[in-house]
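**Student:** with the sequence up front, the predicted model follows.
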Amino acid sequence: MSKPITFVPLPNEFIHEVLSAATHEKGQMLKIVEATWSGEVNGEAGHLNGTAHPVWAQLKAKHPELELPKDNKAALDALNARAPQNKVLPPLCAPARGYPEWQKATMFNAEVCVGYLFGLDARILWVSGPGYRAVICCSAGDKVWLCNDVEHYSIEPVSPYLGSYASDIPNDCHGASIIAGGQMFDTDGYNIVVNGKGGWNGPC
């Protein structure tokens with residue numbers, strides 16, 4: 001993105017709204033909340049909720065000069081060239097233990113999400129866990145989830161770094177297939193999951 005988003009803190013009352021919106025998934029100790037993107041573009045601060053696609057669409061409508069990166073590989077190489085990150089390798093490839101219903105995503109849809117996460121170049125404000133998760137990107141039914149394992153404080157990971165997870169997981173897990181999925185942990189206390197429709201497109 002030609003003009004990156006710079007994050008600003010969210011008011012506490014908004015964090016409480018996010019917490020109150022949490023719901024329990026059927027029979028599991030996982031609470032699904034909406035991802036919150038907050039930042040500043042051209043000196044104008046604000047926050048948006050949802051997955052990467054509609055958040056980007058809202059920003060693009062208001063700031064048509066913004067552009068997604070044309071080459072995910074170049075952005076990924078630049079990110080990986082930085083100091084060692086906190087990734088716990090290798091990823092756990094789908095089906096993840098304890099979640100046999102999580103099917104794999106197509107490599108193409110995962111790459112679409114990587115582009116949006118790099119393009120937004122923002123932080124995602126995240127409520128304290130453990131057990132909170134949100135879809136941060138969805139393409140044709142295939143999803144990238146952010147899950148918080150931290151018990152006592154919120155986290156604010158940057159979206160390009162999360163995009164590198166969404167790239168690493170299918171690249172490390174696909175083998176000879178065009179579908180892949182899995183889970184990768186970060187030592188800061190959160191993890192990323194890539195899963196989907198098992199190669200079939202569907203609604204988000």
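**Tutor:** Structure's in. What do you need?
**Student:** okay, CA-based contacts and neighbour counts for the rest of this
**Tutor:** OK.
**Student:** please enumerate the helices of the protein.
**Tutor:** Ranges of helices in the chain, per DSSP state H, are 12-20, 52-62, 72-80, 107-120, 159-173.
**Student:** can you lay out these as TSV showing mean pLDDT and mean neighbour count?
**Tutor:** Formatted as TSV, those follow (pLDDT from 0 to 100; neighbours: other Cα atoms under 10 Å):
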stretch	mean pLDDT	mean neighbour count
helix 12-20	31	12
helix 52-62	90	16
helix 72-80	70	15
helix 107-120	91	23
helix 159-173	91	23
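**Student:** relative to Asn86, which of the ones you listed is closest?
**Tutor:** helix 159-173 (10.2 Å; Cα to Cα).
**Student:** so what secondary structure elements neighbour the closest one?
**Tutor:** Under the contact criterion of 3 or more Cα pairs under 8 Å, 6 or more residues apart in numbering; DSSP states H and E, helix 159-173 touches helix 72-80, strand 87-93, helix 107-120, strand 179-180, strand 182-186, strand 190-195.
**Student:** excluding chain neighbours, give the residue nearest to Asp149 in space.
**Tutor:** Nearest non-adjacent residue to Asp149, counting by Cα to Cα, 6 or more residues apart in numbering: Pro130, 4.1 Å away.
**Student:** for burial, what's the neighbour tally of the one you found?
**Tutor:** Close neighbours of Pro130, defined as other Cα atoms under 10 Å, add up to 18.
**Student:** wait, it touches Leu146, no?
**Tutor:** No - Pro130 is beyond contact range of Leu146, at 11.8 Å (criterion: Cα atoms under 8 Å).
**Student:** tally of neighbours for Ser154?
**Tutor:** What Ser154 shows, counting by other Cα under 10 Å, is a neighbour count of 15.
**Student:** likewise Trp37?
**Tutor:** Neighbour number of Trp37 under other Cα under 10 Å is 26.
**Student:** measure it to Ala52 for me?
**Tutor:** For Trp37, the distance to Ala52 (Cα to Cα, to the nearest Å) stands at 9 Å.
**Student:** per-residue pLDDT, the residue nearest the centre of the chain?
**Tutor:** Centroid check for the chain by Cα atoms, centre = their mean gives Ile136 as the closest residue, at 4.0 Å. You'll see Ile136 listed with a pLDDT of 94.
**Student:** setting aside sequence neighbours, what's the nearest residue to it?
**Tutor:** The shortest distance from Ile136 to any non-neighbouring residue, by Cα to Cα, 6+ apart, is to Thr51 (4.6 Å).
**Student:** that concludes my questions; thank you for your assistance.
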